[in-house]
Each structure stands twice: as C-alpha cells, then as structure tokens.
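Novice: Make a model of this:
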Amino acid sequence: MTRFIHDQFTKQYLTELFTPYGQVDASKDITSEVRQIDVLFTPASPSPDNIETLGLLGKMGIYATSAIFEPFRNAVTKSEIRSCMGKLFDIHADLEREAKRNNTRINEAELPYLWILTPTASPDILESFNVTVDEENWGQGVYFLGKGLKTVIVVIHQLPNTAETLFLRILGRGKVQKQAVEELENLSKNSPFLNKTIQLVYELIAVLSARQSKEQDIDQDDQELIMKLSEIYQQQLEEIKQEGRQEGRQEGRQEGIERERRAMIESILQVRFGEVDAQLATIIDQLVAMSREEFTPVLLQLSREELLARFTTK
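Specialist: This is a model prediction of the structure:
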C-alpha cells in the first residue's frame, strides 16, 4: 500500500512539473502486452522556455525527443531494471514498426531514453550493468548504461545537495527527502509556479496519516515525513490566517483556509478514484466543512459508493 501511495504521488508530481513544457502521459499502456510505463514526457520543442527551472530533472526531460521516467520508492533490483528496459524496448519496437509502415527509417536520436529513479543502488547492481559516469556534464549519482541501451540509473541519495538536484531529491527517502521538502517549501514562497507542486507534496500528509491512524505498518522514513509535512501544512495555514488579520478581513482568511482544504480533498479523491467526476464534486463542499483530522480518514477508508451514500443522503 505504501508503494502504491508513493507511485501515485510520483506520477502526479512529474506530470505537474513537466506539463508546462510538453506532453505528459502517465501510466501509458504499451501494446506488446498489458504493461504500463510510469511517465512519458515529450517536450513541446527541443528546449522549452524555462525548463531549466527544473534543474537536472529538466535536463533529463530534453536529453532526447522524449523521456520515460520509472521511479522507485525502495532500492531498485536487477529484475526491476530489466523489466523497465523491457518496456523501453517495446516502445522502441512500436516506433520502428510505425516508421516501417510509413516507409521511413527510424532515427536513433528519436528514440526515447529511460531514466530509472532509485533512492539507492548497491555497487553490485551498478557494476552488473556495466555503467559509466559523466561527472563533468551530469555530476555524481547519474549512471549511464551502454549508449545503444538508452537507459540511465539515477541514484538519488548520491546526488549533490544543490538547487540543481532539488526536484529529484524530493523523490528520495528519509533525511534526503525531508531536507528537499524543506527547500521546496522555502522556494515555493517566491515562486507561484511551485504552488501546485507543494500541494501534491502536502497530500502525502493525509494518505500517510490515515495509514498511521489505522495502526497499519509504517516505516520510520514515512513517520518523519508525516511530521515534516504536517509542520509545513500548519505553517501555510497560519500564514493565510495572518494575511487575513493584517488585511482586517476575517472572510478572506476563512476563504484561504477553505481553498487549502478543497485542494487537498480534490487531490486525494483524484489519487483514489482517478478523477473528480460530477458525482464526487457534489460532496466536496460538505467535506470542506470538516477539519483535516475528520475528512482524512473518511476519504481514505470509505469506498466511492460509501462516500456518496454518506454525504448525498444528508
């Protein structure tokens, strides 16, 4: 369950970051069999305006005509690496068949690159894939397989602690992720571009807190993340309240708090049910009227049918 939570978060996170710069397909089916890649990004142009804002992650997105991202919450295994590469080669084969149908020849440069994002990776795993590094252009923690394989393993906990790597370190674990969340929170105060991104990070509070409240197993990393995210969430609410007091508008303050709750509720509904359709939209106002401590377990524990039944009968 924890892995599912982080998988959903990561897909939304990468989709939100890359959408301004091109086309993003999350959970894209591949035709050879019923399998999916996590995120496929196709830049709108070879170098979209301001994509450098994403630092090293943005550089990965435009390294080729398209990029496949396969993120892992736990250290990737050899089998998982091979599975990701299998999906990459299936996509290559689809593109080659399409080129053949159109009587054209596929250009190697047009084939997408695979970026496997893992918090850690053992020396044995890296050696077994005969990886190479290019620290001059990519820094530490970025391992390239053979050029023809078009695959790169990114070991997040080996990345330097710089602004350039921030958006990748968000996908790490433990202290690495916690520090990156703090940096992102500070950055978002002066960057409207990041408001939605930080909201996606906030929604992890609700999901992880619900697991904790039901006394399910939750590891130390997630416990620390809950504490940090809760702290940031409360700080933001206090800032909204302070703004309302300074402006002398109690009404404006309350509207700000409600906007925060509404955004979180909509995010959780989308994670659980894929979209917020017309039926689910009708219950949001009632959920907004509840506190976060009240609506979090309701949203996480009830099925779609139970949610609708509980709130539409009132």
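Novice: And the helices in the stretch 101-250 of the chain?
Specialist: In the stretch 101-250 of the chain, the helices defined using DSSP state H, counting those that start in this stretch lie at 123-128, 135-138, 166-169, 174-188, 195-213, 220-247, 250-273.
Novice: Just confirm His92 contacts Leu114, I think it does.
Specialist: No - taking contacts as CB atoms under 8 Å, His92 lies outside contact range of Leu114: 9.9 Å. The C-beta positions use only the backbone N, C-alpha and C, and glycine is treated the same way.
Novice: what residues are shared contacts of the two?
Specialist: Residues touching both His92 and Leu114 (CB atoms under 8 Å, 6 or more residues apart in numbering) are Lys150.
Novice: Looking at these two, which is more packed in?
Specialist: Leu114 (24 against 17; other CB atoms under 10 Å).
Novice: What score does that one have for pLDDT?
Specialist: On pLDDT, Leu114 comes in at 97.
Novice: In this structure it contacts Lys150, no?
Specialist: Yes - look at Leu114 against Lys150 with CB under 8 Å: they come within range, at 6.3 Å.
Novice: Need the overlap of contacts for these two.
Specialist: Leu88.
Novice: Give me the phi and psi for Asp49.
Specialist: When read as degrees, to the nearest 10, the backbone of Asp49 gives phi -60, psi 130.
Novice: Next up, the contacts around it.
Specialist: Tyr21.
Novice: Next one: it from Val154, what distance?
Specialist: Using CB to CB, to the nearest Å, we find Asp49 at a distance of 25 Å from Val154.
Novice: same check, this time on Lys100
Specialist: Taking CB to CB, one finds Lys100 at 33 Å from Val154.
Novice: same thing with Asp285?
Specialist: Asp285 sits 42 Å away from Val154, going by CB to CB.
Novice: For these two, indicate the residue with more neighbours.
Specialist: In this view Asp285 and Val154 are compared by other CB under 10 Å, and Val154 has more residues nearby, 25 against 12.
Novice: Domain boundaries for this protein, per the record?
Specialist: Domain segmentation of the chain under automatic domain parsing yields 2-169, 176-312.
Novice: Compare the mean pLDDT across the ones you listed and name the weakest.
Specialist: When I compare these, domain 176-312 is least confident, with a mean of 68.
Novice: Regarding that one, how distant is the last residue from the first?
Specialist: Across domain 176-312, the terminal residues are separated by 43 Å (CA to CA, to the nearest Å).
Novice: Going forward, count from 689.
Specialist: Happy to do that; since the first residue is 689 now, the last one works out to domain 864-1000.
Novice: which non-adjacent residue is nearest Arg992?
Specialist: Counting by CB to CB, 6 or more residues apart in numbering, the nearest residue to Arg992 once its immediate chain neighbours are dropped is Phe961, at 5.6 Å.
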